[in-house]
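> quick check, what structure comes out for this input:
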Amino acid sequence: MKILVNLVLVAACLAAGLWAGPHLRATYDRWFPPPEFVTGNYQALYRQTGKPVVMFSTSECPYCRKARELFKREGVDYRDFVIDQSPDADKQFEALGGGGVPQLFIGDRRITGFREKAIRDSLALIRQK
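Numbering: from 1, shown residues only. Predicted coordinates for the structure are as follows:
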């Protein structure tokens, strides 16, 4: 009987954790949202590519596609490293810290994900220079 009670308690704790984990994470993200961008010095990347904007993407990512479409509409001169089609691009992406895609480098900003306002604001800043 004691073993059965322990098994039931373990199962209940596991079920509670599986249910609560995603809910707690979502609540945390609402209270403490990730930053729109992080700043850094990415001049070496711009010198290497000869472009003012650099993107690391994948060929099938819908958010990468949205970024490409935005750049096309805005006439942005950029370099796109498609990491699932080039081992060299993937290696460079990992050397920069990897993470999610699209990974955009605009001015002194690194933007992870398609965050249209942050992208437009960053483009406006580099156009002013």
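> check which helix or strand residue 12 maps to.
helix 2-31 (DSSP states H and E).
> helix or strand right after that helix?
Counting by DSSP H and E, what follows helix 2-31 is strand 38-39.
> what packs against the lowest-mean-pLDDT helix or strand in the chain?
Sorting the helices and strands of the chain by mean pLDDT, DSSP states H and E puts helix 2-31 at the bottom, at a mean of 85. Helix 2-31 sits against no helix or strand, with contacts defined as 3 or more Cβ pairs under 8 Å, 6 or more residues apart in numbering; DSSP states H and E. Quick note: C-beta positions are derived from backbone N, CA and C, even for glycine.
> shift numbering so it begins at 599
Got it, first residue is 599 now, which makes that one helix 600-629.
> buried stuff in that helix?
Buried residues in helix 600-629, counting neighbours by 16 or more other Cβ atoms under 10 Å, are absent.
> next one: it to chain centre, how far?
Between the mean C-alpha location of helix 600-629 and the chain-wide mean there is a distance of 29 Å, by Cα atoms, centre = their mean, to the nearest Å.
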